[in-house]
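1. need a structure here:
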Amino acid sequence: MQFLQTLGTVFSFISKDAVAKVSLLEDLCEQQRFVSVQAMVQRELAAGPAALRARPDSGCRTLLRLHRALRWLQLFLQGLRSGDSRTSVLCTDAYNASLAQHHPWLIRKAATVAFCALPSRDAFLEVMNVGPPEEAVAMLGEAIPYISDVYSITQQLFEQHDLLDLP
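-> Residues are numbered from 1 along each chain as shown. Okay, here's the model as predicted:
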C-alpha cells in the first residue's frame, strides 16, 4: 500500500480506502475468530442472503470490494510491464475492465479525469525503488502471478456462493 501512496493523490486515496477495508476485515476476523476467508463466508451466508445484503460492513461485501480493486491493480501492473509509457491509458483500461461497471457514471468520469494526472511509466517504475526499470519490470513479473492466484481463489469462492453481485 505504501507503493500506491507514493504515486500521488489518486493512488493515495485508493490506498487509504484499501487500508481501511483491510483493517475492517482484520477487526472482523479477530472479533468473530475467523480462521480463513472461507470460514467468514460460510458464517455470513448462514445468516441468510438478506442479512448479508443488508449489512454494508459485512466481511463478504468488504472483501468483494478489495477483490475488485485487486483485479484493477493486477491489470494495471500487467500494463506497466507491457512497456506502454502512457500510464493514464493503462490505468483507464484496467479501470474500465474491472471497477468501472461497479461505479456510477459520475465516479467513472472523475476517475478517468484523475488518471490523466498520473506520472509516466518510468516514474512508476522508479518509485518501486528496486533498481533500473528492467529490474522493476522483472519484479512485477514475479509479483503478478501471486496477485493472479489470490484473485482466482477469491473469484472461485465468490462464484461458488453467488456473491459476485453483492451491493
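2. spatially central residue for this structure, please.
-> In the chain, the centroid-proximal residue (Cα atoms, centre = their mean) is Ala69; its distance is 2.0 Å.
3. what about that residue, distance to Ser120?
-> As for Ala69, its distance to Ser120 is 23 Å (criterion: Cβ to Cβ, to the nearest Å). All C-beta spots, glycine's among them, are computed from the backbone N, C-alpha and C.
4. again with Glu134
-> 16 Å.
5. these two: which is more packed in?
-> Under the neighbour definition other Cβ atoms under 10 Å, Glu134 and Ser120 were set side by side, and Ser120 has more, 12 against 9.
6. quick check on the more buried one: phi, psi?
-> Its backbone dihedrals place Ser120 at phi -70, psi 170, with angles given as degrees, to the nearest 10.
7. am I right that it is in contact with Thr87?
-> Yes - in this structure, Ser120 is within contact of Thr87 by Cβ atoms under 8 Å, at 6.3 Å.
8. where does pLDDT dip in this protein?
-> For the chain, residues meeting the criterion pLDDT under 70 lie at 1-11.
9. can you show me the helices along it?
-> Under the criterion DSSP state H, the chain contains helices at 2-5, 9-32, 37-46, 49-54, 59-82, 87-98, 105-115, 121-127, 133-160.
10. quick one, which of those helices gets closest to Pro167.
-> For the helices of the chain, the distance to Pro167 is smallest for helix 49-54, at 5.9 Å, taking Cβ to Cβ.
11. dump the closest one to CSV, keeping only the CA atoms.
-> These are the backbone C-alpha positions of helix 49-54, laid out as CSV (Å, rounded to 0.1, in the frame of the first residue of the first chain):
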residue,chain,number,x,y,z
PRO,A,49,-28.7,-13.7,1.9
ALA,A,50,-31.0,-10.9,3.0
ALA,A,51,-28.9,-10.3,6.2
LEU,A,52,-25.7,-10.4,4.1
ARG,A,53,-27.0,-7.9,1.6
ALA,A,54,-28.4,-5.6,4.3
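12. can you count the residues close to Gln78?
-> Gln78 is surrounded by 16 other residues when neighbours are defined as other Cβ under 10 Å.
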